[in-house]
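> I'd like to go over a predicted model; first the sequence, then the structure.
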Amino acid sequence: MFFDKETETMPRKELENLQLERLKHIAVYCYEKVKIYHDKFDAAGFDPYKIQVLSDIKYIPFTTKADFRDNYPFGMLAVPKRDIVRIHASSGTTGKPTVVGYTKNDLEMWSDCMARLVTAAGATADDTIQIAFGYGLFTGALGLHYGLEKIGASVVPTSSGNTEKQVMLMKDFETTGLVSTPSYALHISEVIRDMGYKIGEDIKLSLGLFGSEGCTVEMRDQIESGLGVFATDNYGMSELIGPGVSGECRERNGLHFNEDHFFPEIIDPITEDVLSEGESGELVITTLTKEALPVLRYRTRDITKLNYQPCACGRTHCRMEKTTGRSDDMLKIRGVNVFPSQIESVIMTIPQIAPYYELVVEREGSADTLEVRVELADARLLESYRNLEDLRANVKHRLKTVLGIETKVSLVEPKSMARSAGKAKRIIDNRKK
Ligand code: DLL
């Protein structure tokens, strides 16, 4: 199923011509309308009127989160404030949030992009879809909301939290689709079980539209069996628009970019060179059509690779692999790079362990240590010290095989770890203290 078949299946040559025309326009638009781009281009000696081919994008200077912070709140806008019809902001753990604005046309483009992705995931006008992302400055809830309304689905804006009520409404409204972070989806499935409801009988979910944080295939399997859904992954970020940048179709073999609006590149995060198709590196994205807040070559810090091969679904727009994680989240432990997603893949396949975990990094003397805290799935495991020790040794061994380093494994009681209604915070890095 397609929302905009002509665009989504456009032959690649045609798509690339469209991207080039849009790139030429947006580079000049940024130069003429936004002071920081004007200054950056001049400093780098880049002439936006001279773009000839798509690969000329490599001459455009990068944009980073720091540019948003330095120009807080409205210094990145390319239009007068009176043309802005919506403002969102990312929470930002330290200092000022990142502020983003949208014109009427931007909102229209955003809901079109979302409508494409939710349709690709299998949502239709027959669905009743509960949005359990937090409504507010966060882009997730309203992004999905408008896209789902656009395709005619019945949207239930429950927002995040208040999980028992969430589940009650899910049953009473016969909700068929859930929008949330993967970690909240797991928690909802736990509460459904605790409330004594049966999947398929009391709860009639069939589709999960998840995103906003990483989720390994192993964790997705747990969510799917816990909720009885077909789960798809959706990617995006506030600085670029919010959700709607890329998402999985029913093939689930990568997340299709809305490539006519967002131009992706993969770079080596150290040398900043553009890498070829299939090479893993940092995702850099240029918005090709945004009016209020065009963003050129945004350094996302997310690590992934791109695939331009045709997809069985018929879409021609390229796909990004599920991200391995953010370069900022990569832990360097005694010289070895460790991504939390590697640990998640191991934990999710051990049946005695519940799908919740925390990673604690400490510095002891000059050496770093990594503690992996995992939760027992069943309180009966606490009855035998021997079994617990065997389990701990097993987890430790499997982590060592995958990571190549020793970890300390701590088993904690069932349901003792914090549950998340939004993005889970799993890393506690005490080295920074
Ligand atoms: O999380 C936008 C969004 C909302 C995307 C709802 C999908 C669904 P931010 O809060 O600005 O925006 O966070 C952006 O979250 O750079 C990634 O590191 C991470 N992220 C977002 N989606 C995914 C995903 C929204 N599907 C940051 N897989 C990004 C892995 C994701 N990481």
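Received the coordinates, thanks.
> mind listing the helices for the stretch 151-300 of the chain?
163-172, 182-194, 217-227 (DSSP state H, counting those that start in this stretch).
> quick check: which of those helices is nearest to the ligand?
helix 182-194 (8.4 Å; C-beta to the nearest ligand atom). Quick note: C-beta positions are derived from backbone N, CA and C, even for glycine.
> mean neighbour count added to the helices of the stretch 151-300 of the chain, as CSV?
Listed next are those as CSV, based on neighbours: other C-beta atoms under 10 Å:
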stretch, mean neighbour count
helix 163-172, 17
helix 182-194, 22
helix 217-227, 18
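> CSV for those, including distance to the ligand and mean pLDDT?
Converted to CSV, the helices of the stretch 151-300 of the chain look like this (distance: least, C-beta to the nearest ligand atom, whole Å; pLDDT from 0 to 100):
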stretch, distance to the ligand, mean pLDDT
helix 163-172, 17, 98
helix 182-194, 8, 97
helix 217-227, 11, 97
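> of those, which is nearest Ala27?
For the helices of the stretch 151-300 of the chain, proximity to Ala27 was assessed by C-beta to C-beta; helix 182-194 is nearest, at 36.2 Å.
> can you dump the C-alpha atoms of the closest one in PDB for me?
What follows is helix 182-194 as a C-alpha-only set of coordinates in PDB (Å, rounded to 0.1, in the frame of the first residue of the first chain):
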ATOM      1  CA  PRO A 182       9.900   0.500  22.100                       C
ATOM      2  CA  SER A 183      10.700   0.600  25.800                       C
ATOM      3  CA  TYR A 184       7.200   1.900  26.700                       C
ATOM      4  CA  ALA A 185       5.600  -0.700  24.400                       C
ATOM      5  CA  LEU A 186       7.400  -3.400  26.600                       C
ATOM      6  CA  HIS A 187       6.100  -1.800  29.700                       C
ATOM      7  CA  ILE A 188       2.500  -1.600  28.300                       C
ATOM      8  CA  SER A 189       2.700  -5.400  27.500                       C
ATOM      9  CA  GLU A 190       3.800  -6.000  31.100                       C
ATOM     10  CA  VAL A 191       0.800  -4.000  32.400                       C
ATOM     11  CA  ILE A 192      -1.600  -5.800  30.100                       C
ATOM     12  CA  ARG A 193      -0.400  -9.100  31.600                       C
ATOM     13  CA  ASP A 194      -0.600  -7.800  35.200                       C
END
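> other SSEs contacting that helix?
Packing contacts for helix 182-194, counted by 3 or more C-beta pairs under 8 Å, 6 or more residues apart in numbering; DSSP states H and E, involve helix 163-172, strand 177-180, strand 207-211, helix 217-227.
> rerun at 6 Å
helix 163-172, helix 217-227 (3 or more C-beta pairs under 6 Å, 6 or more residues apart in numbering; DSSP states H and E).
> would you mind listing what in the stretch 151-300 of the chain touches the ligand?
The stretch 151-300 of the chain comes close to the ligand at residues 211-214, 233-238, 242-243, 300, as judged by C-beta under 6 Å from any ligand atom.
> excluding its backbone neighbours, what's nearest Lys415?
Using C-beta to C-beta, 6 or more residues apart in numbering and skipping the chain neighbours, the partner closest in space to Lys415 is Glu375 (7.3 Å).
> count of neighbours near that neighbour?
19 (other C-beta atoms under 10 Å).
> list the buried residues for stretch 301-321?
Neighbour-count burial for stretch 301-321 flags 301-307, 311, 313, 315-320 (criterion: 16 or more other C-beta atoms under 10 Å).
> can you name the two of those that are farthest apart?
Greatest spacing in these, by C-beta to C-beta: Arg301 and Cys313 (28.7 Å).
> point out where the chain drops to low pLDDT.
Applying pLDDT under 70 to the chain flags the ranges 92-94, 433.
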